[in-house]
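attaching a predicted model along with its sequence, questions to come.
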Amino acid sequence: MNTNKKREDGSVNDTFEFLLTRREGTVEYLTLNRPDVRNAFNDQVIVELTAWAATINADDDVRCVVLAGAGKTFCAGADITWMSNALAYTHDENVQDANAMARMFAALDTLPVPLIGRIHGAALGGGAGLASVCDVVVTDENAVFGFTEVKLGILPAVISPYALAKIGRSAARELFLTGMRFGALRAKEIGLVHAVVPVDQLDVMVTLYVNEMLSAAPDALATAKALIPRVWARGASDAAGLTAEAIAARRVSEEGQEGLRAFLEKRKAKWNISQ
């Protein structure tokens, strides 16, 4: 792997072979960097994304992450060479391989900071899985999506918990079973993406979302993100105790106190570094 490799823009690709990282203030920019194979997954990409997620969990300076893909495509799914190697895997080896990918998606899904997907070109298979674990997804109007695994005789299995949470059972029945590709507007309709813009406006819209995240309290963001899976699918009465405790804790927290004072004093809260 390359270590501390300087790139032309002056940013540093710390310890990764297939990921580029750049830090601007409190925002981490993460780019899948296999443009020659449309940023497809292989076992090394999975290892690197899992390791990168661990560094973000341990870094209190990061308040937001933007995930993108180098070249013409965000992520085309699984690498052909990697898939061809899997033809010789035993059942147990396939389970081990799938568990590694499951750990990667879980690590990305549970990041304590917002993960914004900047998607262009295509997000297919595992690429659609990446869209599913992003908190906010911005895509270009010509981008193509697809849970295409059944076309290859396999399943969108590892990504299914995250995709189902995003698009729901009805859309999953259509899209998992047909493997059909669909456009950005359809992706927005089913909740996989949140904003569809011309490709030359992608960064403008991403910046808008970044600024919204930077105007919010960091601990409150992390707590709100963690609250969603705890409350989702519970009835209101079942969740009442949990949510009452959650809001009570925030109201007496340092951030909660500062936020209320800032509102009453008509000033920015101390954490608000939005532009």
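That came through, no problem.

just the helices in the stretch 51-200 of the chain please.
80-86, 91-109, 126-133, 160-178, 184-189 (DSSP state H, counting those that start in this stretch).

could you check the angle helix 126-133 makes with the fourth one?
Right, helix 160-178. 130 degrees (axes from the mean of the first three to the mean of the last three CA atoms, to 10 degrees).

what sits up against helix 160-178?
Helix 160-178 is contacted by residues 105, 109, 128-129, 131-133, 146-147, 149-150, 155-156, 180, 182, 190-192, 229, 232 when judged by CB atoms under 8 Å, 6 or more residues apart in numbering. (Each C-beta comes from the backbone N, C-alpha and C, glycine too.)

ChimeraX command to pick out the buried ones of those?
Buried residues within the contacts of helix 160-178, by 16 or more other CB atoms under 10 Å, are selected in ChimeraX with:
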select :105,109,128,129,131,132,133,146,147,149,156,182,190,192
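
so where's the stretch 1-150 of the chain uncertain?
Applying pLDDT under 70 to the stretch 1-150 of the chain flags residues 1-14.

can you add distance to D60 and give the helices of the stretch 51-200 of the chain back as JSON lines?
Formatted as JSON lines, these follow (distance: least, CB to CB, whole Å):
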{"stretch": "helix 80-86", "distance to D60": "35"}
{"stretch": "helix 91-109", "distance to D60": "17"}
{"stretch": "helix 126-133", "distance to D60": "22"}
{"stretch": "helix 160-178", "distance to D60": "26"}
{"stretch": "helix 184-189", "distance to D60": "33"}
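
out of those helices, deepest packed?
Most buried of those, by mean neighbour count (mean count of other CB atoms under 10 Å): helix 126-133, with a mean of 28.

what segments of the stretch 151-275 of the chain are strands?
Taking DSSP state E, counting those that start in this stretch as the criterion, the stretch 151-275 of the chain carries its strands at 181-183, 195-197.

could you chop this structure up by domain?
As recorded under automatic domain parsing, the domains making up the chain are 5-214, 218-264.

so which of these is the most packed in?
Ranked by mean neighbour count under mean count of other CB under 10 Å, the domains of the chain are led by domain 5-214, which reaches a mean of 18.

report the distance from it to the chain centre.
How far domain 5-214 lies from its chain's middle: 6 Å, per CA atoms, centre = their mean, to the nearest Å.

am I right that R181 is in contact with F147?
No: judged on CB atoms under 8 Å, R181 makes no contact with F147 at a distance of 9.4 Å.
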